[in-house]
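Chemist: Following is a predicted model, sequence given first.
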Amino acid sequence: MMQKILVTGATGNVGQEVVHLLLLQNCHVCAGVRNPLKAKQILGSNVQCIPFDFTNPDTFTKAFKEVDKLFLVRPPALANVRQQIAPALNAAKLAGVEHIVFLSLLGAERNSFVPHSKIERYIDQLGIPATFLRCSFFMQNLNTTHREDIKTRGELLMPTGNGKTSFIDVRDIAAVAVRTLIEDGHQSRAYTLTGKEALTYYDVADIFTSVLGKPIRYNPSLLKFVQQTHSSGLPIDFIFVMVAIYTTARLGLAGLITSDTEQLLNRSPITIRQYIEDYAECWL
Ligand SMILES: NC(=O)c1ccc[n+]([C@@H]2O[C@H](COP(=O)([O-])OP(=O)(O)OC[C@H]3O[C@@H](n4cnc5c(N)ncnc54)[C@H](OP(=O)(O)O)[C@@H]3O)[C@@H](O)[C@H]2O)c1
């Protein structure tokens, strides 16, 4: 019988791509979402959507019914793993989920404080076979979180100094996720997913300028970053998290390059130039 795959974070950057690629493979896919009506508008009316909320245990039994595999995305706002993520994982175990593919973070194995590290350890404790996808910075942060700065002020504003980042396109992450979900041999494995090159934001600004045909400047000021994000209404704890993440990049900890993405996809990862060409209309 065809295996059933539950995708969490299905309306988000990576989850959307995973759902669509699984459907192209004719898999039995179900999107676990907080608001099925809204999700169908995003994903398409043909996509099976089921209510699922990490913070509402009443949704777990139905959502995990007959699920064989789980694509697990930790929503960025849920940082308390014990209270906000573990209950759903307990329910997955109880329901007999056989394999979890977890969207994790570059370096999670070395940084026990990040939620992704705690989630990896909790999945291992439960004894559910898993694949951890430890991803570098998403290119798509540039057309979501940073879109307005780039579009309206022609500015890349992030406090990363000269630090290099091995950006990865979420379309590549989703393609790897789908392969590890539908193919045997990826259980009890961790992959570090990066792009093929590590670039400074000065490099990225130059590529933006060349592709968009309008000047885009990199501004590494920490003070301006905090002022700007605060005045745009982002909560202060979220701003601190962003500063912490960009500090790791400034310190050179985000530039690691591996061959995992290329090996799993049998092709080169998408370059940042290709990504900017594909998404150009977002910033014009
Ligand atoms: N951005 C990066 O550079 C980067 C790099 C490595 C790893 N990561 C990790 O990737 C993850 C984020 O992935 P993403 O960018 O694909 O996600 P995203 O676009 O931020 O979307 C978050 C998803 O979580 C859902 N969600 C929010 N609260 C929920 C809840 N209580 N219960 C169930 N679903 C909920 C949202 O659904 P609604 O439609 O209901 O809001 C949405 O589908 C994070 O764990 C992040 O740390 C990010």
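Modeler: Perfect, I can see it now.
Chemist: so who does Val226 touch?
Modeler: 239, 243 (CB atoms under 8 Å, 6 or more residues apart in numbering). For the C-beta atoms, the positions are set from N, CA and C on the backbone; glycine is no exception.
Chemist: To clarify, my last question referred to Gln25.
Modeler: Counting by CB under 8 Å, 6+ apart, Gln25 makes contact with 178, 182.
Chemist: ok, now how distant is it from Val47?
Modeler: Using CB to CB, to the nearest Å, Gln25 is found at 14 Å from Val47.
Chemist: With Tyr218 instead?
Modeler: From Tyr218 across to Val47, the span is 38 Å (CB to CB).
Chemist: Equivalent analysis for Ala10, please.
Modeler: Counting by CB to CB, the gap from Ala10 to Val47 is 8 Å.
Chemist: what sits in contact with each of the two?
Modeler: In contact with both Ala10 and Val47: 19, 31, 39, using CB under 8 Å, 6+ apart.
Chemist: May I have the secondary structure class of the last one?
Modeler: Looking back up the chat, that one is Ala39. Following DSSP: H, G, I helix; E, B strand; the rest coil, the label given to Ala39 is helix.
Chemist: ok, now the one 3 residues further on?
Modeler: Three-state secondary structure (criterion: three-state DSSP) places Ile42 in helix.
Chemist: per-residue confidence for the closest residue to it other than its chain neighbours?
Modeler: Setting aside the residues directly before and after it, Ile42 is nearest to Thr11 in space (CB to CB, 6 or more residues apart in numbering), at 5.0 Å. pLDDT for Thr11: 98.
Chemist: In contact with Thr11, which residues?
Modeler: For Thr11, the contact set (CB under 8 Å, 6+ apart) comprises 31, 33, 38-39, 42-43.
Chemist: Could you pick out the buried ones from the residues you listed?
Modeler: In these, burial by neighbour count holds for 31, 33, 39, 42-43, counting by 16 or more other CB atoms under 10 Å.
Chemist: Distance of Lys38 relative to the ligand?
Modeler: Separation of Lys38 from the ligand (CB to the nearest ligand atom, to the nearest Å) stands at 6 Å.
Chemist: Please parse the chain into its domains.
Modeler: If you go by automatic domain parsing, the domain ranges for the chain are 4-135, 140-164+196-256+265-283.
Chemist: so which of those comes closest to Glu183?
Modeler: Closest to Glu183 of the domains of the chain, according to CB to CB: domain 4-135, at 10.3 Å.
Chemist: What is the end-to-end distance of the closest one?
Modeler: End-to-end distance of domain 4-135 (CA to CA, to the nearest Å): 25 Å.
Chemist: now do stretch 48-62
Modeler: Start-to-end span of stretch 48-62 (CA to CA) is 13 Å.
Chemist: Could you tell me how far it lies from the centre of the chain?
Modeler: 21 Å (CA atoms, centre = their mean, to the nearest Å).
Chemist: now, which of the shared contacts of Ala10 and Val47 sits nearest Thr194?
Modeler: Distance to Thr194 across the shared contacts of Ala10 and Val47 (CB to CB) is lowest for Val19, with 23.7 Å.
Chemist: Contact residues of the chain facing the ligand?
Modeler: 8-15, 33-35, 52-55, 73-76, 103, 105, 135, 137-138, 141 (CB under 6 Å from any ligand atom).
Chemist: Which ones among the residues you listed map onto strands?
Modeler: Residues from those lying in strands, with DSSP state E as the criterion: 8, 33, 103, 105, 135.
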